[in-house]
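Trainee: Can you look at this prediction? I've put the sequence above it.
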Amino acid sequence: MFTLCYSNLMKKILLILLISFFSDGEIEDKTLLKSFFEGCVDEVVPEFDQMLGFQFEYCGCATHGVANQFTYVELGLLSMEMLGASEFEQIQIIAANEKLVGIATACVAKAFQ
């Protein structure tokens with residue numbers, strides 16, 4: 001369907017993470033979360049061209065999920081893993097990450113409500 005806004009954004013996130021302090025808590029860096037949200041909203045998803053509200057709802061939910069469920073270290077490692085990967089490999093990496101799949105599933109359901 002779509003890469004759930006993660007693939008093209010990882011380079012930008014990695015740079016922000018390299019500057020940020022790595023902690024075990026939730027992600028609270030406003031710049032990082034804003035970049036994640038904007039990258040998600042800017043992603044072209046032809047299936048949802050007529051449903052912009054859906055994409056905004058999904059992206060807000062996904063940003064919130066990443067902020068609450070990932071640490072800086074986890075997101076940084078994921079970003080580094082995706083950095084040199086092809087689009088197909090990035091989709092596989094995303095699909096293999098249980099946290100991202102859980103976030104995406106919950107957010108798609110929420111956006112369709």
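Mentor: In hand now; what should we look at?
Trainee: any idea which helix is longest in the protein?
Mentor: When the chain is parsed with DSSP state H, its longest helix is helix 52-69.
Trainee: So what's the gap between that helix and the chain middle?
Mentor: Distance, stretch centre to chain centre, for helix 52-69: 8 Å (Cα atoms, centre = their mean, to the nearest Å).
Trainee: Using CSV, write out every CA atom in that helix.
Mentor: The C-alpha trace of helix 52-69 is given here as CSV (Å, rounded to 0.1, in the frame of the first residue of the first chain):
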residue,chain,number,x,y,z
LEU,A,52,-6.5,14.2,2.9
GLY,A,53,-8.2,14.1,6.3
PHE,A,54,-7.3,10.4,6.5
GLN,A,55,-3.6,11.1,5.8
PHE,A,56,-3.5,13.9,8.4
GLU,A,57,-5.2,11.7,11.0
TYR,A,58,-3.0,8.7,10.3
CYS,A,59,0.2,10.8,10.4
GLY,A,60,-0.7,12.5,13.6
CYS,A,61,-1.5,9.1,15.2
ALA,A,62,1.8,7.6,13.8
THR,A,63,3.8,10.5,15.1
HIS,A,64,2.2,10.1,18.5
GLY,A,65,2.9,6.4,18.5
VAL,A,66,6.5,6.7,17.5
ALA,A,67,7.0,9.4,20.2
ASN,A,68,5.5,7.2,22.9
GLN,A,69,6.8,3.8,21.9
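Trainee: Next, the buried residues of that helix.
Mentor: By 16 or more other Cβ atoms under 10 Å, the buried positions in helix 52-69 come out as 55, 57-63, 65-67. C-betas here are computed from N, CA, C, even on glycine.
Trainee: ok, now stretch 69-89?
Mentor: Under 16+ other Cβ under 10 Å, the buried positions of stretch 69-89 are 70, 72, 74-76, 78-79, 82.
Trainee: nearest to Lys110, of these?
Mentor: The nearest member of the buried residues of stretch 69-89 to Lys110, counting by Cβ to Cβ, is Phe70 at 18.2 Å.
Trainee: No further queries at this time; thank you.
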